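J.: Any chance you could fold what I've pasted below:
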Amino acid sequence: MRVTNKMINNNLLLNLNRGLSRLEKINNQLGTKKKINQPSDDPVKTGVILRTSSSIREVEQLIRNVDAAVSWLDATDVVLQDVVSVIHRAKELAVAGASTHLDDTARKALADEVAQLFDNVFQLANSTHGGRYIFALQYTDVKPFTKVDEAAPVSQVEFLAGKSLADVRPVQFDIGAEKPMEVSLNGGEIFGPIFDALRTLYDGLNNGDGAAVNTVIGSLDTALDNVLRKISEVGGKQNRVELARERFTDLKLNLTRILSEDQDLDYSEAIMELKMEEFAYRTALSVGARIIQP
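T.: Model prediction:
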């Protein structure tokens with residue numbers, strides 16, 4: 001085979017361009033801190049990186065959902081604990097009001113305190129978290145409890161007046177399970193019996209009806225048991241979401257490590273390759289200068 005000067009020149013330029021391409025690739029990797037910057041760099045690893053990145057985004061969204069669920073449940077637990085304190089105080093007033101030794105003035109003083117407890121429970125029932133009502137189920141933008149008679153010290157209370165509760169569902173968060181976890185409670189089931197008991201207690205104290213006051217004690221016990229069951233339910237869900245957060249945090253760390261192994265650049269290795277390519281390119285230039293000169 002006859003070798004001409006043109007063949008030598010073409011091969012020299014081809015090799016120089018290949019060297020420059022390798023230098024440009026390494027410089028690009030050093031600039032982006034990633035081994036793979038486009039699918040053509042490594043199609044197989046590109047697919048792995050895309051799948052891993054997608055999994056990390058999904059886990060991050062689940063962690064955000066868990067954090068939101070934890071926040072909601074914590075707010076609910078705080079309100080229910082305050083409700084328990086109010087019911088205990090109402091029971092104390094009911095026991096004191098059932099005494100036959102109290103006169104009308106003392107009973108009316110107890111009734112005034114019951115009215116204050118009623119207002120306290122009313123405020124707790126309309127508690128909000130992040131601008132949303134906690135006990136309004138999915139009607140989080142609607143005030144759940146309204147008084148029928150605003151002027152009365154202790155009035156009848158309506159739950160989600162004018163709203164249909166047939167198909168309404170509680171607030172839910174997807175925490176990775178097959179079924180989203182419910183975090184909100186039905187305020188009507190919790191606070192309805194309490195409002196009724198306090199209203200009966202107030203009327204009994206004002207009217208001097210000892211039998212009605214005695215009956216209220218049992219109603220308050222039933223309402224207290226109901227609230228305690230809800231607190232236990234909320235506590236169980238709090239433990240569940242905390243375990244889910246730990247699991248998702250560990251999963252994210254594992255996926256991030258896998259992504260780093262496939263994508264992140266080894267600086268020492270890249271710099272060593274860069275120096276080798278620079279040496280090879282300079283050598284090729286020197287050799288080319290001698291070959292082309294004659």
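J.: K143 belongs to a helix, doesn't it?
T.: No: K143 sits outside any helix when classified using DSSP: H, G, I helix; E, B strand; the rest coil, being coil.
J.: Next one, pLDDT for it please.
T.: Residue-level confidence at K143 comes out at 91, pLDDT.
J.: Return the residues in contact with it.
T.: N126, Y133, A136 (Cβ atoms under 8 Å, 6 or more residues apart in numbering). Heads up, the C-betas are built off the backbone N, CA and C, glycines and all.
J.: How about the backbone phi and psi for it?
T.: In this entry, K143 is assigned phi and psi values of phi -60, psi 120 (degrees, to the nearest 10).
J.: Compute the distance between it and H129, please.
T.: Distance, K143 to H129, using Cβ to Cβ, to the nearest Å: 14 Å.
J.: Low-confidence ranges, the stretch 51-200 of the chain, go.
T.: Where the stretch 51-200 of the chain drops to pLDDT under 70, the residues are 100, 177.
J.: rerun that using 90 as the cut-off
T.: Regions of the stretch 51-200 of the chain meeting the criterion pLDDT under 90 cover residues 51-55, 93-111, 130-131, 137-142, 148-155, 157, 160-182.
J.: what's the pLDDT at R247?
T.: pLDDT for R247: 91.
J.: That one - how many residues pack around it?
T.: R247: 16 surrounding residues under other Cβ atoms under 10 Å.
J.: ditto for L185
T.: L185: 21 surrounding residues under other Cβ under 10 Å.
J.: for it, phi and psi?
T.: Taking degrees, to the nearest 10 as the convention, L185 sits at phi -120, psi 150.
J.: how close does it sit to T256?
T.: Going from L185 to T256 by Cβ to Cβ gives 36 Å.
J.: do the same with Q172
T.: Distance from Q172 to T256, counting by Cβ to Cβ: 28 Å.
J.: Over to A75?
T.: A75 is 31 Å from T256, where distance means Cβ to Cβ.
J.: same thing with A161?
T.: Using Cβ to Cβ, A161 is found at 50 Å from T256.
J.: what's the answer for D77, then?
T.: According to Cβ to Cβ, D77 and T256 sit 32 Å apart.
J.: Check G97 too.
T.: For G97, the distance to T256 - Cβ to Cβ - is 63 Å.
J.: Those two - which one has more neighbours?
T.: G97 (27 against 14).
J.: what sits against the more buried one?
T.: With Cβ under 8 Å, 6+ apart, G97 has these contacts: R107, L110, A111, L201, G204, L205, G210, V213.
J.: ok, those vs I63, which is closest?
T.: L201 (46.0 Å; Cβ to Cβ).
J.: Look up which helix or strand the closest one falls in, please.
T.: For L201, the element it lies in under DSSP states H and E is helix 187-207.
J.: quick one on the thing from earlier: among the contacts of G97, which ones are buried?
T.: For these, a burial check counting by 16 or more other Cβ atoms under 10 Å picks out R107, L110, A111, L201, G204, L205, G210, V213.
J.: If you drop the residues flanking it in sequence, what lies closest to the fourth one?
T.: This means L201. V216 (4.4 Å; Cβ to Cβ, 6 or more residues apart in numbering).
J.: host element of that neighbour?
T.: helix 210-263.
J.: The residue most central in space within the chain: what secondary structure?
T.: With distances taken as Cα atoms, centre = their mean, A68 lies nearest the centre of the chain, 2.2 Å away. For A68, the assignment made with three-state DSSP gives helix.
J.: residues in contact with it?
T.: Applying Cβ under 8 Å, 6+ apart, the residues contacting A68 are F173.
J.: cutoff 10 Å now
T.: A68 sits next to H129, G130, V171, F173, I175, V183, V241 when contact means Cβ atoms under 10 Å, 6 or more residues apart in numbering.
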